[in-house]
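*Asks:* Quick one, fold the following:
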Amino acid sequence: MKILLLGEFSNVHNNLAEGLRALGHEVTTANGGHGWSNYNRDIDLGRSFGMWGGISYLFRLLKALPKLCGYDIIQLVNPHFLHLKAERVIPIFNFLRKHNKGLVLCAMGDDYYYCYNHKHFKPLAYSDYNLGEKPRSTEFGERAYNECVGTAKEKLSREVAYWCDAVVSVIYEYWAPYDLVTDKDKNGIPIREKNHFIPLPIKMPEPVCPPPSDKLRVFLGYKKEFGAYKGTDIMMEVANDLLKKYPDKMELKLASNIPFAEYQHMMDNSDVMLDQVYSYGPGMNALLALSKGIVCISGGEAVNYEMMGEYDCRAIINVTPSYESVYTELERLILMPKDELHALKEKSREYVRRNHECVKVARQYEALYKLIINN
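*Replies:* Just a heads-up that it's a prediction; the model follows:
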């Protein structure tokens, strides 16, 4: 198959491309590198700031459009897959859907259905928008909601969902809001019936073997703009408190808004990574750490494992959104004997190998793509 992966979040499409190419498919990635991360891509759709940056971007995009046509499958990382205002994305989207065959939408990142359904229907015990029945309000979350609901972005989300042949949800908290969607598509099929769960893909690296240390090396990588939205504030407070309590048993490394290559290098010399507290399953950041044999404190709720059919190897150190939960788990790791920590590291890699290895995940996408093309 000839496949176009359009847009990028956290290297998802790059990893999927690796898996699909290994299966013999012709794959093109087109994106802007996801900001400062600067991920690799086949067609560069990066945008500079300012008026001239916008004009230059639009010119390069229009020039690139012929290269974005003629595919068996075009997959969008999100309804808002270009660095343009939503009202300008809509006509480009309509052009692309007419000049390609199958269309797949990834439920990943903020869009209308994610923001609206999490905020108003609260399908999860905790999310970006609620703690139980109590609303959760953060600057980033409110901004995302206001951008995605009652705006051109809402229109774009509905348009893409209407025309797409399938929705792929990559973590349970993305699957849950799409499972509530009652809107129907171009064929009169409820959009929730097109909602497929496929795990995030990871290219397995060599295991990380940091030099011996008497201290537990704890790594916290984060985006400054997310802050309290992802629970970085809770994890930072816990890490600093435990560092004061166990200065001879723990060290802390922080990384924020740096290129991906540099970020990986900082991560590689770590034993434990702190990721998110409002997630039901591990995102790409956590999976990258786990694949390297780094123990990860993040989201690992039972329902996310069950969606994958994983009942034996549950490697993520699951925490709930509270200081006490994170404190308890991180302190346990600080005091854990070396042999037990080593076993957890091995389990981390095994979990990714069993559920997220990029070729294994690509086979699931391949099956979906074939189903779309043959219908």
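*Asks:* Past the helix or strand of the chain with the lowest mean pLDDT, which element shows up next along the chain?
*Replies:* Across the helices and strands of the chain, mean confidence by mean pLDDT, DSSP states H and E is lowest for helix 51-64: a mean of 81. Beyond helix 51-64 on the C-terminal side, the first helix or strand identified by DSSP states H and E is strand 73-76.
*Asks:* packing partners for that next one?
*Replies:* With contacts defined as 3 or more C-beta pairs under 8 Å, 6 or more residues apart in numbering; DSSP states H and E, strand 73-76 has these neighbours: strand 2-6, strand 102-107, helix 358-374. Bear in mind the C-beta positions are built from the backbone N, C-alpha and C, glycine included.
*Asks:* What residues sit buried inside the first one?
*Replies:* Residues of strand 2-6 classed as buried: I3, L4, L5, L6 (neighbour count, 16 or more other C-beta atoms under 10 Å).
*Asks:* List the buried residues in the next helix or strand after it.
*Replies:* Moving toward the C-terminus from strand 2-6, the first helix or strand encountered (DSSP H and E) is helix 12-22. Neighbour counts using 16+ other C-beta under 10 Å place V12, H13, N14, N15, L16, A17, E18, G19, L20 of helix 12-22 among the buried residues.
*Asks:* Show the pLDDT at the third one.
*Replies:* Spelled out, it's N14. Note on N14: pLDDT of 95.
*Asks:* For it, give me its contacts.
*Replies:* Counting by C-beta atoms under 8 Å, 6 or more residues apart in numbering, N14 touches E8, T29, Y39, N40, R41.
*Asks:* Hmm, which of those is lowest in pLDDT?
*Replies:* When the contacts of N14 are compared on pLDDT, Y39 comes out least confident, at 79.
*Asks:* Relative to V295, which of the buried residues of helix 12-22 is nearest.
*Replies:* If you rank these by distance to V295 using C-beta to C-beta, N15 comes first, at 21.2 Å.
*Asks:* what separates that closest one from Y116, distance-wise?
*Replies:* 29 Å (C-beta to C-beta, to the nearest Å).
*Asks:* go on, G299?
*Replies:* In this structure, G299 and Y116 are separated by 21 Å, where distance is defined by C-beta to C-beta.
*Asks:* ok so, going back, would you list the buried residues of strand 2-6 in a markdown table and tack on pLDDT and distance to A64?
*Replies:* Shown next, in a markdown table, are the buried residues of strand 2-6 (pLDDT from 0 to 100; distance: C-beta to C-beta, whole Å):
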| residue | pLDDT | distance to A64 |
| --- | --- | --- |
| I3 | 98 | 17 |
| L4 | 98 | 11 |
| L5 | 98 | 14 |
| L6 | 97 | 11 |
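*Asks:* Nearest to N374 among the residues you listed?
*Replies:* The shortest separation between N374 and any of the buried residues of strand 2-6 is 15.4 Å, and it belongs to I3 (by C-beta to C-beta).
*Asks:* ok, that closest one - contacts?
*Replies:* Contact analysis of I3 by C-beta under 8 Å, 6+ apart lists L20, H25, E26, V27, T28, Y71, D72, I73, I74, Q75, Y369.
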